[in-house]
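Participant: missing the sequence, but the structure's below:
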């Protein structure tokens, strides 16, 4: 066990929902807002995503994103002690859609909106087998720590760089894949509109759906208050195979981006706006 793992265990043991977590959160939020990591990137992203909002409103949203980042981490830490408590923190709309897929393949996707780690924990604690396709940290210790934290939730992790056949095999076994497709796709992505701008987008979710026919199920997540969340399981994204494979994948990816846009608009202050999503335009 590394010192980082020991620290996580200690914090998880001490933290509790309510005043204890609040006391920890207040100074951390203040420090993060003061440091303002990637504030220029976040401001640009919010201008692109929310052009009709006033500059003052976007500043308020930006401040909210930093508070949200702290709570994403604190909630994940608190769930380390007892992952099952997530069932008490969450109110759900559309859980019957997920239940109908039990034992069947499905691709669950959401943006970096709300608490994606908590959402994955909730899915696992509901008794579903889910593997998250992730971009792993370059730091070996950090990579292992995050994987261990997710494993305690009951969530397995798979690097986005592993052969696609491994993910396909999980779907064929009737398991869920969890994907967050809203980050920049880099050189391996395809240009697809996102908030009106053509930007590189990872086609992974679309490719898996094309190859397996597994439904693409959007999961909306919104924090009502610390340790109180609303999760909505939406209807699967509808798509049809076209004559051209690449054209089909591009169209599915476009539809996914449209859904993620809706997630951001519902809770812009709970979006990870600090990510360089529109690298082509900075």
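Facilitator: All right, it came through fine. No experiment lies behind these values; they were computed from the predicted model shown.

Participant: the stretch 51-200 of the chain: strands as residue ranges?
Facilitator: 90-93, 106-109, 130-134, 155-159, 176-179, 190-194, 197-201 (DSSP state E, counting those that start in this stretch).

Participant: now the ones you listed as TSV including mean pLDDT, distance to residue 65 and mean neighbour count?
Facilitator: (Each C-beta comes from the backbone N, C-alpha and C, glycine too.) Below are the strands of the stretch 51-200 of the chain laid out as TSV (pLDDT from 0 to 100; distance: least, C-beta to C-beta, whole Å; neighbours: other C-beta atoms under 10 Å):
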stretch	mean pLDDT	distance to residue 65	mean neighbour count
strand 90-93	97	22	15
strand 106-109	98	21	25
strand 130-134	93	21	22
strand 155-159	92	24	18
strand 176-179	97	22	24
strand 190-194	97	18	19
strand 197-201	97	20	19
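
Participant: quick one: residue 131 from residue 88, how far?
Facilitator: 25 Å (C-beta to C-beta, to the nearest Å).

Participant: in the stretch 51-200 of the chain, what spans have low per-residue confidence?
Facilitator: The model of the stretch 51-200 of the chain has pLDDT under 70 over residues 136-139, 141.

Participant: can you give me the helices for it?
Facilitator: Per DSSP state H, counting those that start in this stretch, the stretch 51-200 of the chain has helices spanning 55-81, 86-89, 95-99, 116-125, 140-153, 164-172. These are given in chain order.

Participant: so which of those gets nearest residue 35?
Facilitator: The minimum distance between residue 35 and these falls on helix 55-81, with 8.7 Å, by C-beta to C-beta.

Participant: and that closest one, how far out from the chain middle?
Facilitator: 13 Å (C-alpha atoms, centre = their mean, to the nearest Å).

Participant: and the nearest residue to residue 64 once chain neighbours are set aside, what is it in contact with?
Facilitator: Spatially, and ignoring its direct neighbours in sequence, residue 64 is nearest to residue 269 (2.9 Å; C-beta to C-beta, 6 or more residues apart in numbering). The contact partners of residue 269, taken as C-beta atoms under 8 Å, 6 or more residues apart in numbering, are 60-61, 63-65, 67-68.
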